[in-house]
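> what follows is a predicted structure for the sequence shown.
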Amino acid sequence: MNGTSASDSHSAPQGGLEKNPIRIGILATVDNAPVRLAEKRGFFQQEGLGVEVKTYGSGPEALDAVRGGSLDICLINYVSFFQAAAGGAIDGRIVFDAYQGTPDSLVLVAKPEANIREPKDLVGKKVSVHASGNINELLLRELLRVNGLEPGAALYVPVKFPEIQAALSSGQIHAGVLVEPYITRAGQELGAKPVLPLITGPTADMALSGYVAQTKFTQNNPKTVAAFQRAMKQANQLADTDRRALAEVLPDLTKVSAESVPSLSLGRFPTSLDPTRLQRVIELMRVHGTLAGKDLRADQLIVPAAG
């Protein structure tokens, strides 16, 4: 179905929901697994909410679809969303948190022959960041800065996660920022190893991605948004505590084997929106001059959680 699936809950009772079904955009990465869990375990259906889920190549692509009206909600990294919001590209709100980093969950990977062991080894090297200007690039810039190096000393190359292994193999890049299951796969198939953590020190526990919608959608459909929040809270809680549940959905989403899921280095799946953690991303963007436009406050960009 070209990355699109529809739940069987289209015929579920409306329950007063303003819009049903809704259209959700996700990526083929682990932070999107709870959406598939919510489908598979019937959490959306329990809320009387039908969903149509489509997979995109990057968060900014999905955000364009939200802005254009072909999606209602999408997952996107927070840096790209805050840039769009500050620049006036979208009037949007964060409706639920998706993924929080840990030291092993977002790392710089390289082959041994690249001789990258310390931040200074990145100077002049080509490093992939999935998409230009996103949170991966911001974290790399901060890694260089806190180690006394110029944040722009590395050459940042946009290469999507599924393509990074081939880019490493061909020499297109010297190192790449990866998440699971691509970290494990690059090690097994290419001999590439994690060389530098990005979620550490001043970036510890960094909020990475969340689900966003246009402000007018959240205002016009408060019961629908609340139903989505309740379903995702169940899904994130399950993903955060039960690897066996993740093994039910990650193989189809990311092509990783179910047997390897227990060994993956994963981040956390929050069950609530914390504006303080989100504000840390905004402040880090200000430090690196990547937030042009109006001033932002995270507490004004979130939809309070449903009861």
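On my side now, so go ahead.

> buried ones in the helix or strand where Lys223 lies, by neighbour count?
Secondary-structure element containing Lys223, defined by DSSP states H and E: helix 222-241. Using 16 or more other Cβ atoms under 10 Å as the burial criterion, the residues of helix 222-241 that qualify are 223-236, 238-240. The way it works is simple: take the backbone N, C-alpha and C, and place the C-beta from them, glycine included.

> helix or strand right after that helix?
Towards the C-terminus, the helix or strand next in line after helix 222-241, according to DSSP H and E, is helix 243-254.

> which strands and helices sit next to that following helix?
Counting contacts by 3 or more Cβ pairs under 8 Å, 6 or more residues apart in numbering; DSSP states H and E, helix 243-254 packs against helix 33-40, helix 222-241.

> now with 6 Å, please.
Where contact means 3 or more Cβ pairs under 6 Å, 6 or more residues apart in numbering; DSSP states H and E, helix 243-254 is packed against helix 33-40.

> for the next helix-or-strand element following the helix it packs on, output the C-alpha coordinates as PDB.
The first helix or strand that comes after helix 33-40 along the chain, using DSSP H and E, is helix 43-46. Taking Å, rounded to 0.1, in the frame of the first residue of the first chain, the C-alpha atoms of helix 43-46 are listed here in PDB:
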ATOM      1  CA  PHE A  43      -5.500   1.900  21.300                       C
ATOM      2  CA  PHE A  44      -6.900   4.300  18.600                       C
ATOM      3  CA  GLN A  45      -9.900   2.100  18.200                       C
ATOM      4  CA  GLN A  46     -10.600   2.200  22.000                       C
END
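
> tell me the helices and strands packed up against helix 43-46.
With contacts taken as 3+ Cβ pairs under 6 Å, 6+ apart, helix 43-46 sits against helix 222-241.

> one more time with 10 Å, if that's ok
Under the contact criterion of 3 or more Cβ pairs under 10 Å, 6 or more residues apart in numbering; DSSP states H and E, the helices and strands touching helix 43-46 comprise helix 33-40, strand 51-56, helix 222-241.

> now the angle from the helix holding Lys223 to strand 51-56?
Direction vectors for helix 222-241 and strand 51-56, defined by axes from the mean of the first three to the mean of the last three Cα atoms, to 10 degrees, enclose an angle of 60 degrees.

> output the contacting helices and strands for helix 222-241.
Judged by 3+ Cβ pairs under 10 Å, 6+ apart, helix 222-241 is in contact with strand 22-27, helix 33-40, helix 43-46, strand 73-77, strand 92-100, strand 207-214, helix 215-220, helix 243-254.

> average model confidence for it?
The average of the pLDDT scores along helix 222-241 is 97.

> what angle do strand 92-100 and it make with each other?
Orientation of helix 222-241 against strand 92-100 (the same axes, to 10 degrees) gives an angle of 10 degrees.

> return the distance of helix 222-241 from the chain's centre.
16 Å (Cα atoms, centre = their mean, to the nearest Å).

> one more: stretch 200-212?
10 Å.

> same deal with stretch 25-45?
13 Å.

> ends of that stretch, what's the gap?
One end of stretch 25-45 sits 18 Å from the other (Cα to Cα, to the nearest Å).

> on that earlier part again, mind putting the helices and strands packed on helix 222-241 into a markdown table with distance to Val195?
As requested, the helices and strands packed on helix 222-241 are exported to a markdown table (distance: least, Cβ to Cβ, whole Å):
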| stretch | distance to Val195 |
| --- | --- |
| strand 22-27 | 24 |
| helix 33-40 | 26 |
| helix 43-46 | 38 |
| strand 73-77 | 22 |
| strand 92-100 | 22 |
| strand 207-214 | 20 |
| helix 215-220 | 41 |
| helix 243-254 | 22 |
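
> and of the ones you listed, who's closest to Glu150?
Closest to Glu150 of these, according to Cβ to Cβ: strand 73-77, at 23.4 Å.

> direction included, what does that closest one pair against?
Looking at strand 73-77 with DSSP bridges, its partner strands are strand 22-27 (parallel), strand 207-214 (antiparallel).

> what's the span of stretch 29-49, first residue to last?
Terminal residues of stretch 29-49 lie 23 Å apart, using Cα to Cα.

> fine, thanks again, bye for now.
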